[in-house]
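S.K.: Give me coordinates for this.
(one chain, ligands or ions: 1)
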Amino acid sequence: MTLDATPDAPVVLYSHDMPAKALDPELRKARDAKVQIATISLCGCWGCNLSLLDTDEALVDLLSKVHITRSSFTDIKRIPGQIAVGLIEGGVANDENIETLEHFREHCDILIATGACAIWGGVPSMRNMHGLEPCLREAYIDSPTRPLQSPPVVPHHPDIPKLTRKVYPVHEVVKIDYSIPGCPPDGRTMFKVIDDLLSGRGFSMPAEYNRFD
Ligand code: SF4
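M.R.: Numbers count the residues shown, from 1 in each chain. Next comes the predicted model:
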């Protein structure tokens with residue numbers, strides 16, 4: 001969105017930079033008293049985030065103890081303060097993923113990689129076996145589903161994040177404290193890890209919670 005743009009001094013204001021309506025002070029106090037947690041989704045399929053929703057009524061109990069700031073549900077882009085626990089879904093596949101992940105590391109005390117994509121690159125990292133150029137060629141130039149009337153072109157624009165040469169697991173970009181395996185991890189596992197951390201308990205992961213669907 002562009003406000004008051006003139007040829008000399010364009011003012012660009014993105015929706016996530018717009019001033020939000022001030023929160024009710026009581027609501028703000030109640031939120032600030034809870035443990036702050038956040039999630040980000042990098043190059044993944046959102047399945048890990050949905051797994052957290054699978055905890056059903058346990059989620060309601062969890063929300064009495066935590067406030068979820070940045071997440072796929074709130075769509076807040078920037079974290080205003082410090083977060084106790086951050087959960088990451090997806091691997092690192094472009095420059096925007098790197099910037100998002102580094103910002104997240106800076107603002108989270110404990111960082112947890114959730115799911116195969118975040119832990120080792122997962123399905124998106126299958127492109128590493130072929131190289132970036134052949135994958136782009138297959139997707140946009142030689143694709144049998146490309147509309148024949150359109151010129152063969154790989155999309156490019158300054159606003160489109162630049163793909164990294166390889167898809168990286170998140171621990172190759174920032175320090176990660178814990179990992180929750182699975183594709184997606186079982187929602188009960190995600191809930192247990194968060195609940196154990198909040199209660200100051202050590203946690204173990206029962207084998208029956210380990211899930212690769
Ligand atoms: S680990 Fe599985 S469920 Fe999670 S983002 Fe990757 S593909 Fe999706």
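S.K.: residues of stretch 32-39 that come out buried?
M.R.: 36-39 (16 or more other CB atoms under 10 Å). No exception for glycine: its C-beta is placed from N, CA and C like everyone else's.
S.K.: Give me every residue in this structure lying close to the ligand.
M.R.: Contact residues, the chain versus the ligand (CB under 6 Å from any ligand atom): 44-45, 47-48, 89-90, 115-117, 122-123, 183-184.
S.K.: Please read off the pLDDT at residue 201 from the model.
M.R.: Among the per-residue scores, residue 201 shows a pLDDT of 85.
S.K.: Can you give me the distance of it to the ligand?
M.R.: Plainly put, residue 201 is 25 Å away from the ligand if you go by CB to the nearest ligand atom, to the nearest Å.
S.K.: Doesn't that residue lie inside a strand?
M.R.: No: looking at residue 201 with DSSP: H, G, I helix; E, B strand; the rest coil, it is coil, so not inside a strand.
S.K.: and it, how far is that from residue 61?
M.R.: Look at residue 201 and residue 61: by CB to CB, to the nearest Å, they are 16 Å apart.
S.K.: tell me which element the closest residue to residue 69 other than its chain neighbours is part of?
M.R.: Excluding its sequence neighbours, the residue lying closest to residue 69 (CB to CB, 6 or more residues apart in numbering) is residue 38, at 4.8 Å. If you go by DSSP states H and E, residue 38 is part of strand 35-41.
S.K.: what helices or strands is that strand leaning on?
M.R.: Judged by 3 or more CB pairs under 8 Å, 6 or more residues apart in numbering; DSSP states H and E, the packing partners of strand 35-41 are helix 47-53, strand 66-68, strand 83-89, helix 95-107.
S.K.: And the helix or strand hosting residue 61, what's buried?
M.R.: If you go by DSSP H and E, residue 61 is part of helix 57-63. Judged by neighbour count (16+ other CB under 10 Å), helix 57-63 contains these buried residues: 58-59, 62.
S.K.: Show me which of the residues of the chain next to the ligand are buried.
M.R.: Buried members of these, scored by 16+ other CB under 10 Å, are 44-45, 47-48, 89-90, 115-117, 122, 183-184.
S.K.: Now render the residues you listed as TSV, adding distance to residue 165.
M.R.: Shown next, in TSV, are these (distance: CB to CB, whole Å):
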residue	distance to residue 165
44	19
45	22
47	25
48	25
89	22
90	17
115	23
116	21
117	17
122	17
183	24
184	27
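S.K.: out of those residues, who's nearest residue 28?
M.R.: For those, the residue nearest residue 28 by CB to CB is residue 89; the value is 28.0 Å.
S.K.: how about the nearest residue to the closest one, chain neighbours excluded?
M.R.: Using CB to CB, 6+ apart, the nearest residue to residue 89 is residue 48, at 3.9 Å.
S.K.: residues touching the one you found, list them.
M.R.: Applying CB atoms under 8 Å, 6 or more residues apart in numbering, we find residue 48 in contact with 41, 87, 89-90, 114-115, 117-118, 182, 184-185, 190.
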